[in-house]
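Trainee: Show me how the following folds:
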Amino acid sequence: MARIVTMGEIMLRLSTPNNEKFIQADEFDINYGGGEANVAVSLANYGHEADFVSALPKNPIGDAAIATLRKYNVGTKHISRSGERVGIYFLETGSAMRASNVVYDRAHSSISTAKVDEFDFDEIFKDADWFHFTGITPAVSDSAAELTEAALKAAKKAGVTVSVDLNFRKKLWSSEKAKKIMTNLMQYVDVCIGNEEDAEKVLGFKPGNTDVTAGELELNGYVDIFNQMCDQFKFKYVISSLRESFSASNNDWSACIMDGSTREFYHSKKYHVTPIVDRVGGGDSFAAGVICGLCDKKDFKSALEFAVAASALKHTIPGDFNLVTREDVESLAGGDGSGRVQR
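Mentor: The predicted structure follows:
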C-alpha cells in the first residue's frame, strides 16, 4: 500500500435536515469534511496510509475534527495546532429542481493564517509516494497559497507524485486570481483532475459545446483541451469528471482521461444516479478513486473505472466522507449495480 499525503482544511459542516431550507431549520446536522480531508478518509478506507496536513485551533472543536479523522484511520501528527478557529460551512441540501446552497464562514480560520515554518515538509514527505492538494486551499488566503507552493516544492524535491483537483470555488476567489495562482502551481503537478468549469475558470480551457446543465457532453471538446493541457503543463494524466445534471436529485455520472505521453483518450462507463442522497464530496471521492487506482498500479482505464464507481456510490451516502469498501467499489465497477440486500 502507498503512503499518501493530502493538505488542506477540514471544516465543521452544519447541514439542514430533511432537505429543509435554511429559513425553516431549527437545528443542523453536524459533520466534518473538506476536500483534501475527504480524499484522505477514502484512501485510508481503501487500506492506504493517508496523512492529512492542516492547521486547527487548540480547542475542543479542533480536537473533535482531529478525532473524526483518527476514527477513519487518517494520520494527524502533521496537523499544526495554531490559529483561532475552525472553518464552518452551512449546507442547504437541494432536491429535484432546487439546487443545494453552501454558505461559508471560514474567514481567519487556522489554515488561512498558518505559516510555512509551522510544518517540517522534509519529514512530512519522507517515504511518501503521493501528494494531493486542491484549488480550494490556495483560494482561502494569500498565506495559504504560499503554504501550498512550499509544500509542492518540497514534494517535488522528495520525488513524490503530485495530483491536483482544480476545484474552482467562486465564493472564495475570482477566476482571474485563480488563473494567476493555479497556473503557476501547475509546474509541480503530474496528475490534473477537474471538471469542465474548473478547466475553464482555473486554467482557461473550455471543452467545446459541453453544457452540463442541459445534460449535453461533447467529448471531442475534452480531447482537444486535454491535448492543450498536456502540451502546456506536461501532465502525466489529465482527468475530468462528467456530471450531466438533470436536477439536484438526478444526475448521470462518468469521467474521461488522457495519457499525457501516448495521448490515448478514454471515456468511462456512465452511471445514472437517482435519487442522490448527498453529492457533496462526490468530486473528492472521485479524486481518491483515481489516486487509489494509480497507486494500486492499475492501468489508467481501470483506475478511472474504479474512481467513477467509487464516486457514484458516494452520492448515496450522507456526509462528506465516502465510506464504501474496496469490495463495494470493485463490485459496482464490475457491473453489479443491483442494490440487492447482501445477506
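Trainee: May I ask you to confirm that Asp64 is in contact with Tyr32?
Mentor: Not quite, residue 64 is Ala, not Asp. Yes - Ala64 is in contact with Tyr32 according to CB atoms under 8 Å; the separation is 7.4 Å. Placement of C-beta: from N, CA and C, glycine included.
Trainee: Looking at these two, which one has more neighbours?
Mentor: Tyr32 (23 against 14; other CB atoms under 10 Å).
Trainee: check contacts around the more buried one.
Mentor: 10-13, 64-65, 68-69, 320 (CB atoms under 8 Å, 6 or more residues apart in numbering).
Trainee: so what's the backbone phi/psi at it?
Mentor: Note on Tyr32: backbone dihedrals following degrees, to the nearest 10 are phi -120, psi 150.
Trainee: re earlier: of the contacts of Tyr32, closest to Ser245?
Mentor: Nearest to Ser245 among these, counting by CB to CB, is Asp320 at 19.4 Å.
Trainee: count of residues packed around the residue nearest to the closest one when sequence neighbours are not counted?
Mentor: Nearest non-adjacent residue to Asp320, counting by CB to CB, 6 or more residues apart in numbering: Gly33, 2.4 Å away. Counted with other CB under 10 Å, residues neighbouring Gly33 total 22.
Trainee: taking the contacts of Tyr32 one by one, which sit in strands?
Mentor: In this view, the contacts of Tyr32 that belong to strands under DSSP state E are 11-13.
Trainee: could you dump those residues to CSV with neighbour count?
Mentor: Shown next, in CSV, are those (neighbours: other CB atoms under 10 Å):
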residue, neighbour count
Met11, 23
Leu12, 24
Arg13, 22
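Trainee: Now for the residue most central in space within the chain: which residues touch it?
Mentor: Geometric centre of the chain, nearest residue: Asp284, 2.8 Å, by CA atoms, centre = their mean. The neighbours of Asp284, taking CB under 8 Å, 6+ apart as the test, are 35-36, 38-39, 42, 165, 320, 322.
Trainee: what are the phi and psi values for Tyr222?
Mentor: Dihedral pair for Tyr222: phi -70, psi -40, per degrees, to the nearest 10.
Trainee: so it sits right up against Cys256, yeah?
Mentor: Yes - counting by CB under 8 Å, Tyr222 touches Cys256, with 5.4 Å between them.
Trainee: Look at those two and report which has more neighbours.
Mentor: Tyr222 (24 against 21).
Trainee: circling back: which of the contacts of Asp284 fall in strands?
Mentor: Checking the contacts of Asp284 against DSSP E, those in strands are Asp165.
Trainee: May I see the contacts of Asp284 arranged in CSV, with distance to Lys157, pLDDT and neighbour count as well?
Mentor: Listed next are these as CSV, based on distance: CB to CB, whole Å; pLDDT from 0 to 100; neighbours: other CB atoms under 10 Å:
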residue, distance to Lys157, pLDDT, neighbour count
Gly35, 24, 96, 26
Glu36, 20, 98, 26
Asn38, 27, 98, 28
Val39, 22, 98, 34
Ser42, 27, 98, 30
Asp165, 22, 97, 28
Asp320, 31, 95, 26
Asn322, 31, 98, 28
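Trainee: got a markdown table for the contacts of Asp284, with distance to Val329 too?
Mentor: As requested, the contacts of Asp284 are exported to a markdown table (distance: CB to CB, whole Å):
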| residue | distance to Val329 |
| --- | --- |
| Gly35 | 20 |
| Glu36 | 20 |
| Asn38 | 15 |
| Val39 | 15 |
| Ser42 | 10 |
| Asp165 | 18 |
| Asp320 | 18 |
| Asn322 | 9 |
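Trainee: and Gly194, what is it in contact with?
Mentor: By CB under 8 Å, 6+ apart, the residues touching Gly194 are 165-167, 202, 239-241.
Trainee: Any chance of the backbone angles for it?
Mentor: Dihedral pair for Gly194: phi -180, psi -160, per degrees, to the nearest 10.
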